[in-house]
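> quick one: sequence and predicted model below, then my questions.
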Amino acid sequence: MQESIPEALVNALRAARKVAVLTGAGVSAESGVPTFREAQTGLWAQYDPQELATPSAFRRNPRLVWEWYAWRRELVTQAQPNPGHFALAAMEQLVPEFTLITQNVDGLHARAGNQNMVELHGNILRIKCSADGRLVTDWPPTEEVPPRCPQCGSYLRPDVVWFGENLPYEALATAVSAARACDVFLAVGTSAIVQPAASLPLEALQAGAVTVEINPQTTPLSRHVAFVLAGPAGEFLPRLVETTWPGTAATGPAEIFT
């Protein structure tokens, strides 16, 4: 028997002018994207991911780090958005002000149709200059790994936040502002452990928002929120959208934009 969607949550969403959503690795895992540590398989099993995702690792062995991210990028491009992604894209169309904050770097939310996004940890599909952070979309053909920035000659690197690096200031500031200003805040598929993202639901809670957690597992956040939907995003998010806005299909792109 499916757990019902609380009527009080439905009413809060219908009345909300501003909704913020934080998503974590659990949402991507439902699309088959390996979590950070699950990506350590095959040739990569001998490496600690924290030894591949640091500025010092890149300085020490840029080729190794580049090739690991190239492999992970290939996994991401093979994945497809799941019903949870599409439900959030539908929700963005139904709420006056909607902000999606994600810890994921796979770009699946954008592929599902979300537009007003904050990518806290960057995007593995983007490449930037390791010297000045400028995004680079193409470079001359080369056999050198990593390739070099066509502007300054520095190595190129993935546009993701590594261990030991700060989150982009503007992205974090936007996320905090959205959390503090929203009427309803949803934490979806996140462990509620990794900072500073883990503090965002608490910011919303302290500001008086209705807080919701959607996660199959109990997390440190569970005991603080108003509503806990204990299950996968791909199950609960479409049901939440359909229950709140009846007649809204939220399982795929065709249903959202017709």
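Received the coordinates, thanks. Numbers count the residues shown, from 1 in each chain.
> next SSE downstream of the longest strand along the chain?
Looking across the chain with DSSP state E, the single longest strand is strand 122-129. Next helix or strand after strand 122-129 toward the C-terminus (DSSP states H and E): strand 156-160.
> how far away from the center of its chain is that next one?
Strand 156-160 sits 17 Å away from the centroid of its parent chain (Cα atoms, centre = their mean, to the nearest Å).
> what lies in contact with it?
Under the contact criterion Cβ atoms under 8 Å, 6 or more residues apart in numbering, strand 156-160 has outside partners 53, 58, 62, 65-66, 69, 73, 105, 121-124, 126-130, 135-136, 139, 146-149. All C-beta atoms are positioned from the backbone trio N, CA, C, and that covers glycine.
> repeat that for stretch 104-114.
Residues contacting stretch 104-114 (Cβ under 8 Å, 6+ apart): 23-25, 27-28, 31, 33, 76, 79-82, 85-86, 88-90, 92, 100, 102, 117, 119, 121-125, 160, 253, 256-257.
> out of these, which sit inside helices?
Using DSSP state H, the subset of the contacts of stretch 104-114 located in helices is 25, 27-28, 76, 85-86, 88-90, 92, 253, 256.
> show me which of these is closest to residue 183.
Proximity of the ones in helices among the contacts of stretch 104-114 to residue 183 (Cβ to Cβ) peaks at residue 92, which lies at 15.0 Å.
> surely the closest one touches residue 116?
Yes. Counting by Cβ atoms under 8 Å, residue 116 is a contact partner of residue 92 at 6.5 Å.
> ok, these two, which is more surrounded?
residue 92 (22 against 13; other Cβ atoms under 10 Å).
> wait, doesn't residue 182 sit right on residue 19?
Yes. Counting by Cβ under 8 Å, residue 182 does reach residue 19; the two are 5.9 Å apart.
> which neighbours do these two share?
Each of residue 99 lies in contact with both residue 182 and residue 19 under the rule Cβ under 8 Å, 6+ apart.
> number of residues surrounding residue 8?
11.
> now it: how far from residue 241?
Counting by Cβ to Cβ, to the nearest Å, the separation of residue 8 from residue 241 is 17 Å.
> please tell me the pLDDT value assigned to residue 51.
What the model reports as pLDDT for residue 51 is 75.
> low pLDDT regions in the stretch 1-150 of the chain?
1-2, 35-46 (pLDDT under 70).
> change it to 50
Applying pLDDT under 50 to the stretch 1-150 of the chain flags the ranges 1.
> repeat that for the stretch 151-258 of the chain.
Within the stretch 151-258 of the chain, the stretches with pLDDT under 50 are 254-258.
> just the strands in it please.
Secondary structure of the stretch 151-258 of the chain (DSSP state E, counting those that start in this stretch): strands located at 156-160, 184-188, 210-214, 227-229.
> can you tell which of those strands is closest to residue 167?
strand 156-160 (10.9 Å).
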